[in-house]
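Would you be able to build a 3D model of this:
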Amino acid sequence: MNQPVSAHEALARLRDGNLRFAHNCRTADQLLTHQQRAALAVQQAPHSIILGCSDSRVPAEIIFDQGLGDLFVIRVAGNIVAPSQVGSVEFAVSRYHTRLVVVLGHSRCGAITATIEALLDGGNSESHNIDSIVNRVKPSVQGLLETELRHDRAALHRAAIRANVRASVDHLRHGSAIIESLIASHGLVVMGAEYDLETGLVNFFDGVTDDD
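Numbering: from 1, shown residues only. Sure thing, here's the model as predicted:
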């Protein structure tokens with residue numbers, strides 16, 4: 001078996017790919033990934049796991065300019081972490097030896113908007129399933145309402161996006177014995193990032209070290 005791509009190298013690939021995307025210069029290699037289908041039909045070795053939002057404007061393979069087989073992508077509204085998301089990450093880090101997990105939030109997130117509305121305006125949605133998403137986001141937003149941010153919804157929304165990402169990152173780091181063990185002894189890194197819909201750039205802001 002080939003050596004797994006290190007978290008440091010995987011992060012470099014994501015950063016380089018995102019810069020290509022943001023500057024509208026995607027690589028031909030990524031556009032021709034159909035040539036890899038035969039090999040990938042036998043096995044896969046994604047270099048990064050992306051737990052991102054289901055928002056149609058945030059497709060991970062495109063914004064990171066990655067090709068077929070490069071990313072193991074988990075998408076759910078609000079990039080929340082529930083048991084199925086934890087299990088999906090555990091599956092990939094255990095079976096494919098992927099060493100980088102990125103929780104990817106984004107600007108203008110609808111799930112964050114819905115949560116702020118529920119907390120400030122009261123009321124629930126007409127669906128208990130939607131409420132289950134909002135309820136998972138609420139704990140990361142409630143603390144912000146005790147600050148001056150409660151008087152500025154735009155600033156509150158921006159802060160809530162990152163607070164929600166940090167909460168999901170923390171849940172993954174400390175909510176799974178498998179993930180904790182791989183972080184401690186096998187070079188697994190779990191970090192948080194935010195995608196800006198306007199600029200196309202991804203900012204890695206949680207779990208990044210000076211060596212990154």
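
residue ranges of the helices in the protein, please?
Ranges of helices in the chain, per DSSP state H, are 7-22, 28-31, 37-42, 60-63, 83-95, 110-121, 128-142, 153-174, 177-185.

Select, out of those helices, the one closest to residue 102.
Residue 102 sits nearest to helix 7-22 of all the helices of the chain, at 7.0 Å, using C-beta to C-beta. All C-beta spots, glycine's among them, are computed from the backbone N, C-alpha and C.

Just the CA atoms of the closest one, as CSV, please.
Extracted in CSV, the C-alpha atoms of helix 7-22 (Å, rounded to 0.1, in the frame of the first residue of the first chain):
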residue,chain,number,x,y,z
ALA,A,7,-2.0,16.3,6.5
HIS,A,8,0.5,19.0,5.6
GLU,A,9,0.7,17.9,2.0
ALA,A,10,-3.0,17.5,1.7
LEU,A,11,-3.5,21.0,3.0
ALA,A,12,-1.1,22.4,0.5
ARG,A,13,-3.0,20.7,-2.3
LEU,A,14,-6.3,22.2,-1.1
ARG,A,15,-4.8,25.7,-0.8
ASP,A,16,-3.1,25.6,-4.2
GLY,A,17,-6.3,24.3,-5.8
ASN,A,18,-8.5,26.9,-4.2
LEU,A,19,-6.1,29.6,-5.4
ARG,A,20,-6.5,28.2,-8.9
PHE,A,21,-10.2,28.2,-8.6
ALA,A,22,-10.4,31.7,-7.2
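
what packs against that helix?
Under the contact criterion of 3 or more C-beta pairs under 8 Å, 6 or more residues apart in numbering; DSSP states H and E, helix 7-22 touches strand 48-52, helix 60-63, strand 100-106, strand 189-195, strand 202-206.

now with 10 Å?
For helix 7-22, the packing partners by 3 or more C-beta pairs under 10 Å, 6 or more residues apart in numbering; DSSP states H and E come out as helix 28-31, strand 48-52, helix 60-63, strand 71-75, strand 100-106, strand 189-195, strand 202-206.

what about the protein, any weak spots by pLDDT?
1-2, 28-35 (pLDDT under 70).

thinking again about what came up before, can you list the helices of the chain in JSON lines and add distance to residue 210 and mean neighbour count?
Output for the helices of the chain, formatted as JSON lines (distance: least, C-beta to C-beta, whole Å; neighbours: other C-beta atoms under 10 Å):
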{"stretch": "helix 7-22", "distance to residue 210": "12", "mean neighbour count": "19"}
{"stretch": "helix 28-31", "distance to residue 210": "29", "mean neighbour count": "11"}
{"stretch": "helix 37-42", "distance to residue 210": "35", "mean neighbour count": "10"}
{"stretch": "helix 60-63", "distance to residue 210": "25", "mean neighbour count": "20"}
{"stretch": "helix 83-95", "distance to residue 210": "24", "mean neighbour count": "16"}
{"stretch": "helix 110-121", "distance to residue 210": "30", "mean neighbour count": "18"}
{"stretch": "helix 128-142", "distance to residue 210": "26", "mean neighbour count": "17"}
{"stretch": "helix 153-174", "distance to residue 210": "18", "mean neighbour count": "20"}
{"stretch": "helix 177-185", "distance to residue 210": "18", "mean neighbour count": "14"}
